[in-house]
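1. please find the sequence and the predicted model below.
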Amino acid sequence: MCLIALAWRAHPHYDLILAANRDEFHARPAQAAHWWPQTPTLYGGRDLRAGGAWCAASAAGRVAAVTNVRDPAPAAGVRSRGALVHDALLQSRDMQTHADHVAAQQDDYGPFNLLLADDDTLQFVSNRGAQRRLTLTPGVYALSNGHWQEHWPKIDRARDELLRLLSGGTVTAAALFALLAERVSGAGGQVPENDVGPNTEQLLSALFVQGREYGTRSASVILRQRTGHVDFFERGFDRAARITHEQHETWDCA
C-alpha cells in the first residue's frame, strides 16, 4: 500500500514538504527518478510497464503524486493512474482548474487518490469514497490506499510523526526518510479489515512494507522552499529492503 505524508504551508521555510513510499510488485519494472528525455521538464521515477509516474515534480516546481485505492470491484478505467501524474505536470492550467478537469474524467482511470500542488494551491481528487474533490487548507495530511481521512493506523502514524518533526523543527531529508523507513506492523486488531487476509494486512500496516513479492520499491522526499527552490530525493529498494539507488536533484523553479 502506497503512503503519502505532506505538509502544506505549515513550515516557515518550506511551503511544501512531501514524503512518499511507493509499494509495488518487485517484478514490475521501473526507472529511478530522472529528468525524462521525452518530457525534459518532468523529474521523477517512471513505471516502465504503463509509462506513467507515481510521484514527480516539474521544472516550475509543480508537484503531483498518486496512490491507488483498494476496491474489490473491478477497475473500469482504461488509462493508467500514472498518467494522472505525468499529464498534470505537462499541462499549463493552474492545478485547481486541472483538478476539476480530472474530476470530470475520473471514470477513465482505475481507483485513485491524486494530490496536485502548484504555487498557489494543493488539490485532492479521487474517484472513490464520499470525499472526492478538495482544495486543501494549510496543514499536515497523510493518505494511503483508502478513502480520504480514513483512520488506518499507518496513515495516522505517518501524519503524527510528520507533525512531530514540524513541531520539533527537525524537518530534514534524513528525518523524513527515517519516517518512511518504519517497519513496525500494526498490533492485532489495529489494521483495516479487507479481503487480503490478516497476515497480509499485518505486512501492509507498516509504513515501509518488506515482502518477497510485494513491498516498498522507492521512497521520495520533496522539499520546496518558499523561495521556489526544490530538493527532490529518492531511494530505491530491492525485495530485501536494501537500497539500490539514491538520487538527489535540486533546482530553482523556472
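-> Ah, there it is. Numbers count the residues shown, from 1 in each chain.

2. please pull out the lowest mean pLDDT helix or strand from the chain.
-> Lowest on mean pLDDT, DSSP states H and E among the helices and strands of the chain sits helix 198-204, with a mean of 63.

3. can you give me the neighbour number for the closest residue in space to residue 155 that isn't next to it in sequence?
-> Leaving aside its sequence neighbours, residue 155 sits nearest to residue 142 (C-beta to C-beta, 6 or more residues apart in numbering; 4.7 Å). All C-beta spots, glycine's among them, are computed from the backbone N, C-alpha and C. Residues lying near residue 142 (other C-beta atoms under 10 Å) number 23.

4. now do the one 4 residues further on
-> By other C-beta under 10 Å, 21 other residues sit near residue 146.

5. contacts only, for it.
-> 69, 70, 129, 152, 155, 192 (C-beta atoms under 8 Å, 6 or more residues apart in numbering).

6. direction included, what does the helix or strand harbouring the residue nearest to residue 155 pair against?
-> Assigning secondary structure by DSSP states H and E places residue 142 in strand 139-143. Here strand 139-143 is paired, per DSSP bridges, with strand 3-8 (antiparallel).

7. which SSE is immediately downstream of the strand it pairs with?
-> strand 14-25.

8. mind checking what helix or strand follows that next one in sequence?
-> strand 30-35.

9. tell me which other helices or strands the next helix or strand after that next one touches.
-> Scanning forward in sequence from strand 30-35 by DSSP H and E, the next helix or strand is strand 42-47. For strand 42-47, the elements it packs on are strand 30-35, strand 55-58, helix 82-90, strand 214-225, strand 229-237, judged by 3 or more C-beta pairs under 8 Å, 6 or more residues apart in numbering; DSSP states H and E.

10. low-confidence ranges in this structure?
-> The model of the chain has pLDDT under 70 over residues 1, 74-77, 186-201.

11. out of the contacts of residue 146, flag the one nearest to residue 31.
-> residue 69 (24.6 Å; C-beta to C-beta).

12. okay, now stretch 34-52: how far is its last residue from its first?
-> Taking C-alpha to C-alpha, to the nearest Å, stretch 34-52 runs 13 Å from one end to the other.

13. that stretch: which residues count as buried?
-> 36, 42, 43, 44, 45, 46, 47, 52 (16 or more other C-beta atoms under 10 Å).

14. ok, so of these, who is nearest residue 96?
-> Closest to residue 96, out of all of the buried residues of stretch 34-52 and judged by C-beta to C-beta, is residue 42, at 20.3 Å.

15. so what's residue 117 bridging to?
-> Counting by DSSP bridges, the residues bridging with residue 117 are residue 63, residue 122.

16. what count of nearby residues applies to it?
-> Neighbours around residue 117, by other C-beta under 10 Å: 24.

17. likewise for residue 158?
-> 27.

18. picking that back up, what's the angle from the strand holding residue 142 to strand 14-25?
-> Orientation check (axes from the mean of the first three to the mean of the last three C-alpha atoms, to 10 degrees): strand 139-143 against strand 14-25 gives 10 degrees.

19. now the residue nearest to residue 155: how far from residue 244?
-> According to C-beta to C-beta, to the nearest Å, residue 142 stands 26 Å off from residue 244.

20. and residue 169, by the same measure?
-> From residue 169 over to residue 244 (counting by C-beta to C-beta), the distance is 32 Å.

21. same thing with residue 218?
-> Counting by C-beta to C-beta, the gap from residue 218 to residue 244 is 9 Å.

22. beyond the lengthiest helix in the chain, next helix or strand please.
-> Assignment by DSSP state H gives helix 153-168 as the longest helix of the chain. Remark: after helix 153-168, the chain's next helix or strand is helix 173-180, criterion DSSP H and E.
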